[in-house]
Each structure stands twice: as C-alpha cells, then as structure tokens.
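Colleague: A structural model of the following input is requested.
(5 chains)
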Amino acid sequence: MDIATIAGIVVGAAVIGWAISLGGSFGAFVDLPSVLVVIGGGLAATVIRFPLAGIGPAFVLGGRVAFTHKKVNPRETIQAIVEMGEIVRKKGPLGLETFQTGEPGLARGATYVADGHDAAYIRDSLELARDQYLSRLSEGQRIFKSLGDAGPAFGMIGTIVGLVQMLGNMSDPAAIGPAMAVALLTTLYGAVLANLVCLPLADKLSAKLDLEEINQTLIIDGVIGVKNGMSPSLLREQLVAYLPEHQHQSLLEQAA
Amino acid sequence: MDIATIAGIVVGAAVIGWAISLGGSFGAFVDLPSVLVVIGGGLAATVIRFPLAGIGPAFVLGGRVAFTHKKVNPRETIQAIVEMGEIVRKKGPLGLETFQTGEPGLARGATYVADGHDAAYIRDSLELARDQYLSRLSEGQRIFKSLGDAGPAFGMIGTIVGLVQMLGNMSDPAAIGPAMAVALLTTLYGAVLANLVCLPLADKLSAKLDLEEINQTLIIDGVIGVKNGMSPSLLREQLVAYLPEHQHQSLLEQAA
Amino acid sequence: MDIATIAGIVVGAAVIGWAISLGGSFGAFVDLPSVLVVIGGGLAATVIRFPLAGIGPAFVLGGRVAFTHKKVNPRETIQAIVEMGEIVRKKGPLGLETFQTGEPGLARGATYVADGHDAAYIRDSLELARDQYLSRLSEGQRIFKSLGDAGPAFGMIGTIVGLVQMLGNMSDPAAIGPAMAVALLTTLYGAVLANLVCLPLADKLSAKLDLEEINQTLIIDGVIGVKNGMSPSLLREQLVAYLPEHQHQSLLEQAA
Amino acid sequence: MDIATIAGIVVGAAVIGWAISLGGSFGAFVDLPSVLVVIGGGLAATVIRFPLAGIGPAFVLGGRVAFTHKKVNPRETIQAIVEMGEIVRKKGPLGLETFQTGEPGLARGATYVADGHDAAYIRDSLELARDQYLSRLSEGQRIFKSLGDAGPAFGMIGTIVGLVQMLGNMSDPAAIGPAMAVALLTTLYGAVLANLVCLPLADKLSAKLDLEEINQTLIIDGVIGVKNGMSPSLLREQLVAYLPEHQHQSLLEQAA
Amino acid sequence: MDIATIAGIVVGAAVIGWAISLGGSFGAFVDLPSVLVVIGGGLAATVIRFPLAGIGPAFVLGGRVAFTHKKVNPRETIQAIVEMGEIVRKKGPLGLETFQTGEPGLARGATYVADGHDAAYIRDSLELARDQYLSRLSEGQRIFKSLGDAGPAFGMIGTIVGLVQMLGNMSDPAAIGPAMAVALLTTLYGAVLANLVCLPLADKLSAKLDLEEINQTLIIDGVIGVKNGMSPSLLREQLVAYLPEHQHQSLLEQAA
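Modeller: Have a look, this model is predicted:
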C-alpha cells in the first residue's frame, strides 16, 4: 500500500468529517441523489472523452498504481541489468535462470534470455507489454484528471437545479434553509471529490508515469544488451543515457 | 454508433433529469427563451469566429465523427498497405481490383493503383481528400470548443438579464422566487451544454483528429509506395516513421 | 461585408434584446453612465497597454478587416504569380501592364515590374507596405483582446461601485431592488462586450492575420522572382514552401 | 511623459470617479484602512517574492519607464551606428567627439571610442550598464505583475474580514448595509489597482523591455564594430540580424 | 535571516490583524476547527501528491532556504574557483588546505582536492550532494505550491460545510449571522495561507532553485578543473558557459 495516498485521503476525509460532526448530525450531509448527480455526471462526461473499451481497465490500473507502493528506481534497475550482464558473461544465459528481481519486466526479460529466445522476439514481447502498460497508466491519469474537472462542474449543476426547485416553491419559508442546504451538497461533494481525491491522484500518477517510462524503456534496451552479450561496462554507459542529465556522470564514474 | 459518446450524454442527461424529477415537475426547468438565449448567443459568438461557408459542414462532420465509431489503427493500416504491396508484387497492380479494406482512403488508393493512374494523380487526389477531411474535422473540433466557451458566458448573460428584470420589479414579493428561478435556468443550460456535451465532444474530436492525421498521411505515402512497386519490407520500414517513437522497433522487428 | 461577423453580432444582440423585451421595457436596461464606465474604463486600460500614435489606426483597420470579407487564398496567389511569370516570359515585363488581380499587393508589384523599377526598390516598397499592414493588423487584434479582458473587469468594478452606493443608503427599502438592477448593468455590458464582440473579433483577426502573413510574404518573393525572370515552374516550387507542410506535394505535382 | 499611460490612468480614474459622484458623496468610497489592507498586503506578498535590495530601485525604474516616453527604434539606432562608422572612416575616432545622439548608451559608446579605450574595456562597461538596466527593468515589470495579482487577492481577504465582522455583530440592522459597503471597498480597490494600473503597466513594461533588449545589444555590437573600424556597409549587414526576420531584407537593400 | 521573506509575512499579517482589530475583538477571527480544516485538508491533499519519505525533509529545507539569506552569485563563485586554480598552480593542491569560502560545496571540494582524492571520487561525492540538495529543494517548492492551491480549495469546502449546517438549522435567526461568520473563516484562512505565505514562498524558492542549479553545477566542474590542474584562464572560459548568454563576454574580457 502507498501509505501517503491512503493517509492523505483518510486524514482529509477525517478532517472534513470532524468539522461536520462539530455542527451536529452527519445525516444533513448525506444525500444519495446529490452523490449520484456528481459521480454520475462526472463519469458521464468522462466516458464521452475516452474510448469505451479501455476506460474500465485504465481506471482500475490507475487506481491500483496510485494506491500501491512500488519502488521504481532507474539507478537500481541499471545496477540489476549490469549484474545480469555479469552473470551471462560468467555462466552464460542459463545463469539467469536463478536471477531474482522485484521488477516484473526485468524478471520476464531474464527468463526470456535464459530460455534462449532470439533478440527480436524478446524485444517484441517486452515492448508490447510496456506499451500496453504505459498507455493504460496514462489513460488512467487522464481519467482522474477528467473526473477532477467534471466533478465540480456537475456539483455546480446540481446546486443550480436545487436552487431553481427551491426558488420556484417558496410558499413555506421554513423549508427554504434546508432546501438550500441540500442544494449546496452537490457543490461540496464535487469540491471534495476533485480536491481531495481526483486531482492529487492524477498528479501522483503523472509522476509515477514519468518514472515508469524511463524505467521500462531502460529495461528493454538493457535486456537486449544482455542477450547480445554486451560487456557490463558498455551496458552501463549506454543505459545512463536514459537518466536525467545531471545523473549521468556519477553513474559512469562508478563504472570506471 | 460510438456507444461511449451516446451513453455518456444519455446517462448524464438522465442523472440531471432524475435530480429534477425528485423535486417535482419538469415544467419549472423548461423555458424556451432561456434555451434560445444560450443556444442562439453561443452560436452567434461561434459564427463570428469562423468563415461562414464551412461552419455548417464542419459542425455536421464533427458531430458525425464524434457520435460514430470508426476503428482507426495505424498499425493495422500499415499491415494492410504491406499486404497491398505483396499483392502488387505477385499479381501486378490489377491484383488490387479485388482488395478489400474498411478504410475508405485506402480503398480509393487501391482502386487508383488498379486503374493504372500515375503516381502524381493519385497523390493529388488523395491529398486533396485528406486535406479537406482533416481541416473540416479540425474546424468541427474548434466549433464545439467555441460553443463550450460561449455557452456558459451567454448563460451568465441571460441570468443577469433575468436578475435585472426581477430586481426592477419587486412590487410582488411572491414573484421574486420564481423569477429568480427562471433567471438561473440560462446558467444551468449553459453549464450542461458545455460540461456534458460540447467540451467532452471537443476533446474526443481532438483525439480522433490526431489519429486520423497520422493514419491518412500514412495511407497516401503507402499507396504511392505500392504504386511505385516498393518492396513490402521497405514499405513497412518507411511507414513506421509515422508512429509514436516507442512503437517503431516492435513493428520493424515483426518485419525482420 | 463579412456576413458571418455581421450576422453573428446581429443575431447575438437580437437574442439578448428579445430576452429583455420578454420581461418588459428596454428602458431598464439602458443606463448611459454604466455604458461609459465599461467602455471608458476598458479603453483606458487598453490605451495604457499600447503606444498612443498607432492605437486609432490599428483599431480602425482591425475593425475593417474583421467586418469585411476579403478572399485570401495562398494557393490562388501562387497561381496568379505563376501567370505573371508566364506573361513576362512571353511578352516581357511590359506585358504586366494589363495584368488584373484582386489582390492589392500583387497589383502594385505587377505595376512596379511593368514600370521597370529594380528589384531592390520593389522589395523595399512592398516590404514596407506589408510590415506596416501586418503590424497594424496585429495591434488591432491585441486591442480587441485587451478590450475583451478589460471590459468584464470594469463591468465588475462598476457593479461594486453601485453596490457600495446602494448598501450605504438603504433607508428606502423600495429603492434597493432598482439600485441593484442598475449596479448589475455594468457587469452585463462588460460580459456582452467581451463575449459577443471583442473576443470573437480578436479570434477572427488572429486567423486572418496568419493567412495574410503567409500571403503577403509569398507575394513579395513571387514578384521579385517574376522581376528576375525566374521560370514559372521554379517560381511555383519556391513559393509552395510558404504553405503548410501537407499542401506542398499536391501543388508541386500540379506543376509537374 | 508617456501621454498614453498618463491619459489611460487619468481617464480610467475619472470615469470611475464620475460614476461614484453620480451616486452621491465620495466620502463613502474613501476608507483608509481598506487602502492599507490592499496596498500593504499586496506589497507584503510582493516583497516576499523578490530580493529586498533591488525591489525599491526596480519599482522606481519600472514606474519611470512606464510613464516617460522614450523613442526606441532599432532601425534608427542602426542608422546612427552606421553614421558613426562613416565618421570614424573619414575623420578617425576623434571625429566622434562631436557625435550627437539621444540614445544614452550610444552616446557613452561614442565617447569611449573617441577617448581611445580598447574594445574589451568598452564592451565590459557597456555590457555591465545594459545588464543592470535590463534586469532592473525586468524586475520592475514582474513587481507590477505581482502587485496586480496580489492586489485583488488582498481585496478579497479584506472583504471577508469585513463580512465576518458584520455578520458577528448584527444586533443593529441599520448598520448592516454600511458595514457591507465598507467591506466591499477592499475588493473595489484591489480590482482598480490591478485592472487600471498594475496589469496594464506590466504589459507596457514587457513590450518596452523586449525593444530595449534588442536595442541595447545592437548598440554594444555596433560600437565595438565602429571601434574596430568595420566598414559601414558590413556594420549594417551584421546589425540587422537583431531585427525581426521580416525586416532584414529591406534594411540590407537600403545598404546596397 | 532573509529579511524580505520575514518582513513580507510580518507586514502582511500585521495589516490583516490591524484591519481585524479595527472591527473589535480578535476572538471572532480565531476558530481552531477552521484552522484544522484548512491546514489539515491542505496537507492531506499535498501528502497524496508526493512520496511520503521525502515530504518532511523537503518541507523543512524549503522553509529554511526561503527564510534564510544565503548569497549565491555565480560570478563570485567563478572568481573563487579561479583563485583556487591559481593557488594550486603556485603552491600545489596542499595550498588549498587554508582556502576560505562561504560556499559549502566549494569548501568541501577544496578539502577533497587538498586531501588528494582522485577526480572520479570528488565528482561522485559532490554530484550526489548536489542532486540530493536540488531535488529536495525542488520538492520543497512544489510542496508550497501544492499547499497554496489546496488551501483555498479546503477553505471553500469548510465554508460550504458551515453554510449547510447553518441553513439546516435556522430556527434561531439570531444565530445565523455568527454561524455564517464562522463559516467564512475557513475561506479567509485559505486565502491568507495561499496569498501571503505559500504562493510567494513557492515563487521565491523557484528563483533560488534556478540560481543554485547553475551555481552547484559550476562548482563541480570548477573543482574538477582545479583538481586536473587546468590553467585559471581556461577554467574561467569554461565556467562562464553556465551563465546566461549576455553575461559571457564581459567575464571573458575580464579574463583577457
């Protein structure tokens, strides 16, 4: 579990819940139709924006990545690939059969090399997996962004609907306050949905996506290099090109 | 039909309609003058922005593309072009007479090649068709975007007009509420028009436009290559240049 | 006349006027001081932004270009220049004396060539005219944009002024409503000025400016080429470089 | 004096003042604490953003440049430099002792050359002066921009403070209106400060800054060229590279 | 201490406090739950955006850099490095043992050179320190930006919660005003937090970050150059490449 994501949402919700409880009952803040207008409307606007087939899996994957903690460190990935290169040099490709790594793409690549597949097949298989993974993750990120934009919009739409109903029926003055309170709930739901959940998640996914793109591409080139029997030091030199500018030198020097 | 587009609009409208029905009659939410202010004003501001001649067809085409589902997959297009190249290699240009494809541009190109037109004529004809199609699609996208911006603006203008009328005539207190309710309807219409229909459609068209631009350009270069008797493997290598960076290698490897 | 511009503003104004007339008298919506605050304030903020000398002509030129319809088609301009090249080839520069074209810059260029001015003089004269025309048009566009931003801002300022006056003097409750109605008028004027007139006009001018820049530059290079007796086919090849990427080939093929 | 800047601010203030005077006394619109909240708060937020030492001079310089009219025309500067080159060719460097120009940087450069300083010293001195001038001007522009952003924010903060005070003390209904009127004054001050003064001034400074950067850089290279005895026609050719693309040719042709 | 940062926040807070004191008691403006909603909610949304491990140190470092005044001047750094180069030329690496500088990275570099570490080790150590410093500073900047965005959002959420509570319980009219006053406090807190503290601090950190990035990179290359016995004039020539364009020449000329 990504503790930061969980903790942020739980704490944010707790703070709002606590503020509500100070004023009396929770009941006044729960209104199912309002929830449906914000969630339903937000989802409707989002569904229009994306191809139907991929929206479900992308949403699920995005949620999973945002809430789970996976250590992604390109420097460590390079280190692991260099180790693979050394194993192949010493024991040949079969030596990779017992290679252990927490990075699934790298593990798959090691198995492919150990199994003796040719480079073209390995690249194809790994690239296909990476492309599908990254494009789904990217779509997941854009779905949360779209929900974060559409949520407050439908919150406002729901509030205006409530205001129009209230204004058109002001015979009982005592009912005006509660009616307006209910009307405001959609705006509240939309604001919480966007500012506590969707927009921060979209930002987090965007950061994870950048990291994964570097990491996955690095893995593919590294595995192909290992397959081709590239020397470990050459491997390292080529792979650091994927790192941000200012990290190049230090890695190369380590290799020297 | 593009189910996502239809479903999104229907579900969004249903959710809002349901919220309205909870509060009583639909009648309070229907006001023809308000509809005319938002739609008329939004269209007026949009008409100023675009050349008059093309605005109708562009709007129609944009709507059609947004609501219909056409599978556009550049990888499959390349595959089909490579097949065309193989047919020409084996049976000569006339072999393309029976070539079947769901992509209209490609079908037209195959017919041209089979009919023995020269490359210059084929390129001219296909490019003219593509340019007109893409520029209309792009204009359609910008029209929906402009409507999505102008709708809420005219919604606000309508609401201010209603408020001024109500405020200038407050002799009958009982009329204030309903008058304000009516005044708010233009804001509601503008928000729904923009957030449920126009802006999501503009986003969807924008995505489809990017895909079509790659796909159509790829078709033209591919058909000319086929006409010139380029070898299938060379064709594939040239066409993958149109795909996003990270998809190149895998396609070329397939060709190898 | 550019029918789209006129029609858009007339229809937009008619729709708003009709909505006003539904609620009773127009009188309640006319308030000269409010007009002066929005227009005067908007112009004041705009005057600060631009050099004083050019603001008047730029505003007039911008308005004229936005409201009049001039067909600008770089492809047709290239065609006309190629014709000029053919005339010069057949009849010599004097043949251009009777050359007819609706494009003023091109007509002037033809006259210069027919009159036997040297290339340097022709280029200087045409470039000076183009630079002045384009920079005024561009300034006109930015003036409308600035007015479209400042209008609503001064509308809000006017409304706050009205609210402060009303709130400071609430001894007569019956006067509150009408006073607030008047206060809202500046916001209404600002919103209409920006959304129906200034911002759409700025967008339209921006599109026309892009087109004119290509077209005028093309004319100058073309006329110089004609003056230097360049062959028509070479002329065409050189000029298509000014067109957007995807239009190059088709024009060159026509020339072949 | 830059008449446009003065006129814009005076006319804008006059229009708002006139609108205020229509509603009765000016007194209701003057509230010193409100002025202090907007100006003081806006300055406080601005002071945090910039290094303390330079904020005063930059503000003063920015104000001076925005309000005074200095003709800056790179074409005329080039002309003057070419004249300098001709003088040096004919009479030697001492001929520049009587060279007259309204541009301070150029005048200083001419004196340096006449005094026989070496090129390195001249370049150093002129560059240091230019760097300090431009960076102060740029900081002045960003200070006005920051004030234009912070002003309305503190206007809103002041209004909320006023509203909270009013709402917490509603025992005297007659005091509610005037209290709210005062609360709104900070919003009014913030809006006027930003939209009539700060943002337009920032835009104007931004335009002047672009022009000065070209002009000052051009002066330095020109003076060094003159010092080195470059031929006037070569000087012109080199300096036009600083002008926007489309102005190159015409200047070079003049030189031919 | 960075006097500008301290002064700005103190003055801004004093101005707001003074405006509050004019209206009576401070007590009406202090509401612990409101503080918790804005700060807690803002932090919650921020925690989701960033990896948990680094958020604390980054926040602390960002605050420290924003509030303390450290003179960072790349020109002076270059000067100091050139001095180091001269010392090494005259007295050998050991001469650096007594080298004094206020810049910690440079001091560490001088020690490393004096201690006779090899270039690869020096570069590695300095780069690692720089990377960690800069990435934490950058994260600190983004944390303040995120807080500046989330603060007003949770301020609005708190106000809506308060409004709903008030509207649902209007039996005692005398309680409406104070309840609304409390509801508005979260909006006030959010606006002050963002506009007086977080956004200006984020801007200041962003400027300091740009400067530090140039300065630290320059130090590393300079120390390595000193280690390798590069001539002082060559050192200077290489290091000025890190300065903004228009500062190059003057530094090089100084060297000549």
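Colleague: return the distance of the closest residue to chain D within the stretch 1-150 of chain A relative to A:Leu196.
Modeller: Among all residues of the stretch 1-150 of chain A, A:Gly23 sits closest to chain D, at 16.4 Å; criterion: C-beta to the nearest C-beta. To be clear about C-beta, it is placed using only N, CA and C from the backbone, and glycine gets the same treatment. In this view, A:Gly23 and A:Leu196 are 19 Å apart by C-beta to C-beta, to the nearest Å.
Colleague: same check on A:Leu211?
Modeller: Taking C-beta to C-beta, one finds A:Leu211 at 24 Å from A:Leu196.
Colleague: okay, these two: which has more neighbours?
Modeller: The residue with more neighbours, out of A:Leu211 and A:Leu196, is A:Leu196; 25 against 13, by other C-beta atoms under 10 Å in any protein chain shown.
Colleague: give the contact list for the more buried one.
Modeller: A:Gly8, A:Ile9, A:Gly12, A:Ala13, A:Ile16, E:Gly41, E:Ala44, E:Ala45 (C-beta atoms under 8 Å, 6 or more residues apart in numbering or on different chains).
Colleague: and those residues, which two are furthest apart?
Modeller: Pairwise distances across the contacts of A:Leu196 peak at 12.6 Å for A:Gly8 and A:Ile16 (criterion: C-beta to C-beta).
Colleague: average pLDDT for the helix or strand hosting A:Leu235?
Modeller: Per DSSP states H and E: A:Leu235 is located in helix A:232-239. For helix A:232-239, mean pLDDT is 84.
Colleague: distance from that helix to the middle of the chain?
Modeller: 30 Å (C-alpha atoms, centre = their mean, to the nearest Å).
Colleague: and if you look at stretch A:145-161?
Modeller: 22 Å.
Colleague: does it reach chain E?
Modeller: No. Counting by C-beta under 8 Å from any C-beta of the partner chain, chain E has no neighbours in stretch A:145-161; the shortest distance is 9.6 Å.
Colleague: quick one: is that stretch near chain B?
Modeller: Yes. Stretch A:145-161 is in contact with chain B by C-beta under 8 Å from any C-beta, via A:Ala150, A:Ala153, A:Phe154, A:Met156, A:Ile157, A:Gly158, A:Ile160, A:Val161.
Colleague: quick one, longest helix in chain A?
Modeller: Looking across chain A with DSSP state H, the single longest helix is helix A:119-167.
Colleague: pLDDT (mean, whole number) over that one?
Modeller: 89.
Colleague: do the same with stretch A:186-199
Modeller: 96.
Colleague: how far away from the center of its chain is that stretch?
Modeller: 18 Å.
Colleague: one step back: only whichever of the contacts of A:Leu196 are buried, select them in ChimeraX.
Modeller: Only the buried members of those end up in this ChimeraX selection, burial being decided by 16 or more other C-beta atoms under 10 Å in any protein chain shown:
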select /A:8,9,12,16 /E:41,44,45
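Colleague: got the contacts of A:Leu196 as TSV, with distance to D:Asp31, secondary structure and pLDDT columns?
Modeller: Converted to TSV, these look like this (distance: C-beta to C-beta, whole Å; DSSP: H, G, I helix; E, B strand; the rest coil; pLDDT from 0 to 100):
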residue	distance to D:Asp31	secondary structure	pLDDT
A:Gly8	42	helix	92
A:Ile9	44	helix	93
A:Gly12	38	helix	94
A:Ala13	42	helix	94
A:Ile16	36	helix	92
E:Gly41	33	helix	94
E:Ala44	38	helix	94
E:Ala45	36	helix	94
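Colleague: nearest to A:Leu218 among the contacts of A:Leu196?
Modeller: Taking the contacts of A:Leu196 together and measuring to A:Leu218 by C-beta to C-beta, the closest member is A:Gly8, at 29.6 Å.
Colleague: what about the closest residue to that closest one other than its chain neighbours, distance to C:Gly102?
Modeller: Spatial nearest neighbour of A:Gly8, chain neighbours left out: E:Ile48 (3.5 Å); criterion: C-beta to C-beta, 6 or more residues apart in numbering or on different chains. According to C-beta to C-beta, E:Ile48 stands 62 Å off from C:Gly102.
Colleague: between the two, who's got more neighbours?
Modeller: Ranked by neighbour count (other C-beta under 10 Å), E:Ile48 and C:Gly102 place E:Ile48 first, with 27 against 10.
Colleague: tell me what angle the one helix or strand that one maps to forms with helix E:119-167.
Modeller: If you go by DSSP H and E, E:Ile48 is part of helix E:32-49. With axes from the mean of the first three to the mean of the last three C-alpha atoms, to 10 degrees as the basis, helix E:32-49 and helix E:119-167 are set at 140 degrees to each other.
Colleague: how far off centre is helix E:32-49?
Modeller: With C-alpha atoms, centre = their mean, you get 21 Å for helix E:32-49.
Colleague: packing partners of the helix or strand following that helix?
Modeller: Downstream of helix E:32-49, the next assigned helix or strand under DSSP H and E is helix E:52-67. For helix E:52-67, the packing partners by 3 or more C-beta pairs under 8 Å, 6 or more residues apart in numbering or on different chains; DSSP states H and E come out as helix A:3-22, helix E:3-22, helix E:119-167, helix E:199-227.
Colleague: how about the ones you listed, which one is nearest C:Phe29?
Modeller: Across the helices and strands packed on helix E:52-67, closest to C:Phe29 is helix E:119-167 (C-beta to C-beta), at 32.3 Å.
Colleague: circling back to that earlier point, neighbour-wise, give me the winner out of the residues of stretch A:145-161 next to chain B.
Modeller: With neighbours taken as other C-beta under 10 Å, the top of the residues of stretch A:145-161 next to chain B is A:Phe154, carrying 31 neighbours.
Colleague: residues contacting that residue?
Modeller: So A:Phe154 contacts A:Val37, A:Val38, A:Gly40, A:Gly41, A:Gly42, A:Ala45, A:Thr186, A:Gly190, B:Gly12, B:Asn195 (C-beta under 8 Å, 6+ apart).
Colleague: rerun at 10 Å
Modeller: With contact taken as C-beta atoms under 10 Å, 6 or more residues apart in numbering or on different chains, A:Phe154 is in contact with A:37-45, A:186-187, A:189-190, A:193, B:12, B:15-16, B:19, B:191-192, B:195-196.
Colleague: from E:Ser206, how far out is it?
Modeller: 34 Å.
Colleague: name the nearest residue to A:Leu36, ignoring sequence neighbours.
Modeller: Leaving aside its sequence neighbours, A:Leu36 sits nearest to B:Val15 (C-beta to C-beta, 6+ apart; 6.1 Å).
Colleague: how many neighbouring residues does that neighbour have?
Modeller: Residues lying near B:Val15 (other C-beta under 10 Å) number 24.
Colleague: the residue of chain A found nearest chain D: helix or strand, and which one exactly?
Modeller: Nearest to chain D, among the residues of chain A, is A:Gly177, at 15.9 Å (C-beta to the nearest C-beta). Using DSSP H and E, A:Gly177 sits in helix A:176-192.
Colleague: from the centre of chain A, point out the most distant residue.
Modeller: A:Ser171 (50.3 Å; C-alpha atoms, centre = their mean).
Colleague: tell me the SS of that one?
Modeller: coil (DSSP: H, G, I helix; E, B strand; the rest coil).
Colleague: nearest the geometric middle of chain A, what residue?
Modeller: Nearest to the geometric centre of chain A sits A:Leu205, at 3.3 Å (C-alpha atoms, centre = their mean).
Colleague: wait, doesn't A:Thr68 sit right on A:Val60?
Modeller: No. Between A:Thr68 and A:Val60 there is no contact under C-beta atoms under 10 Å: 11.9 Å.
Colleague: ok, now which ones touch A:Phe50?
Modeller: Contacts of A:Phe50 by C-beta under 10 Å, 6+ apart are A:Ala58, A:Phe59, A:Glu139, A:Arg142, A:Ile143, A:Ser146, B:Ala4, B:Gly8, B:Pro200, B:Asp203, B:Lys204, B:Ala207.
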